[in-house]
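*Asks:* structure here, sequence nowhere to be found:
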């Protein structure tokens, strides 16, 4: 019976070793199947970069500042969402039918949102019309007061304030992060979206908007 504790110790050591090896193997299996980051391409054995097997988009409008804009194969219906305007009145995306909309979902706590908001403001100043509007919708609990202070602090002058303190709009529109910007055609359908901040007053962005304002001129996807 003197070997009992020793045998038990050896068995425990062997079990822990097997468990550790299994865990490492499982982690490695998951890691190697993960795709490379969007901004990197696979690396060849020679050390030279090779082309990705599948490009992000074949649409010529997905270039430059709009490289990460992802087009729908065909414009898709959007969920109906309601939110509040600056007067606290409830409005709906349907209220913009007949107008191309760049819907920007943002939050007062979002650093990248603060960076890109002045660009959206300049885009609205230059292209805003009866046919196009940048709709910046705050989806956080700060409400109208918080959104108003945010706009005032970064000198936003051309965007109207819209808020959804419940943040349900983000869920219904399947926003996976802030900011998320959705281009909506005059029929209320999603043309595509861009996740993360972007240079929205760039020439690339303006070409994207112009293509939706003049769909007959839109390059084939």
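*Replies:* Happy to help now that I have it. Just so it is clear, the model here is predicted, and its values are computed rather than measured.
*Asks:* show me the shaky parts of the chain.
*Replies:* Along the chain, segments meeting pLDDT under 70 span 1-57, 216-221.
*Asks:* if you set the cut-off to 50 instead, what comes out?
*Replies:* Where the chain drops to pLDDT under 50, the residues are 1-2, 12, 15-55, 220.
*Asks:* correct me, but residue 213 touches residue 133?
*Replies:* No - distance between residue 213 and residue 133: 11.5 Å, which falls outside the contact criterion (Cβ atoms under 8 Å). Where C-beta positions appear, they are placed from N, C-alpha and C, glycine not excepted.
*Asks:* identify the contacts common to the two.
*Replies:* Common neighbours of residue 213 and residue 133, counting by Cβ atoms under 8 Å, 6 or more residues apart in numbering, are residue 100.
*Asks:* could you pull up the residues touching residue 151?
*Replies:* By Cβ under 8 Å, 6+ apart, the contact list for residue 151 reads 117, 159, 161.
*Asks:* if you set the cut-off to 10 Å instead, what comes out?
*Replies:* Counting by Cβ atoms under 10 Å, 6 or more residues apart in numbering, residue 151 touches 86, 108, 117, 121, 136, 138, 157, 159-161.
*Asks:* repeat for residue 63
*Replies:* By Cβ under 10 Å, 6+ apart, the contact list for residue 63 reads 57, 69, 204, 207-208.
*Asks:* hmm, 7 Å instead?
*Replies:* Neighbour list for residue 63: residue 204 [criterion: Cβ atoms under 7 Å, 6 or more residues apart in numbering].
*Asks:* how near is it to residue 203?
*Replies:* 10 Å (Cβ to Cβ, to the nearest Å).
*Asks:* ok, now residue 92?
*Replies:* Taken as Cβ to Cβ, the span from residue 92 to residue 203 is 32 Å.
*Asks:* same check, this time on residue 113
*Replies:* 22 Å.
*Asks:* more neighbours, the two?
*Replies:* A direct count of neighbours by other Cβ atoms under 10 Å for residue 113 and residue 203 places residue 113 higher, at 21 against 11.
*Asks:* hmm, the more buried one is touching residue 178, no?
*Replies:* Yes - with contact defined as Cβ atoms under 7 Å, residue 113 reaches residue 178; the gap is 5.9 Å.
*Asks:* in the protein, which spans are helices?
*Replies:* Applying DSSP state H to the chain gives helices spanning 4-33, 111-127, 143-153, 168-172, 203-213.
*Asks:* give me the contact list for the shortest one.
*Replies:* Contacts made with helix 168-172 from outside it, assessed by Cβ under 7 Å, 6+ apart, are listed as 79, 81, 83, 105, 137, 139.
*Asks:* quick one: buried ones out of the residues you listed?
*Replies:* For these, a burial check counting by 16 or more other Cβ atoms under 10 Å picks out 81, 83, 105, 137, 139.
*Asks:* for residue 90, give me its contacts.
*Replies:* Residue 90 sits next to 82, 84 when contact means Cβ under 7 Å, 6+ apart.
*Asks:* can we see that at 8 Å?
*Replies:* By Cβ under 8 Å, 6+ apart, the residues touching residue 90 are 82-84.
*Asks:* show me the residues you listed that map onto strands.
*Replies:* 82-84 (DSSP state E).
*Asks:* and of these, the nearest to residue 145?
*Replies:* residue 84 (11.8 Å; Cβ to Cβ).
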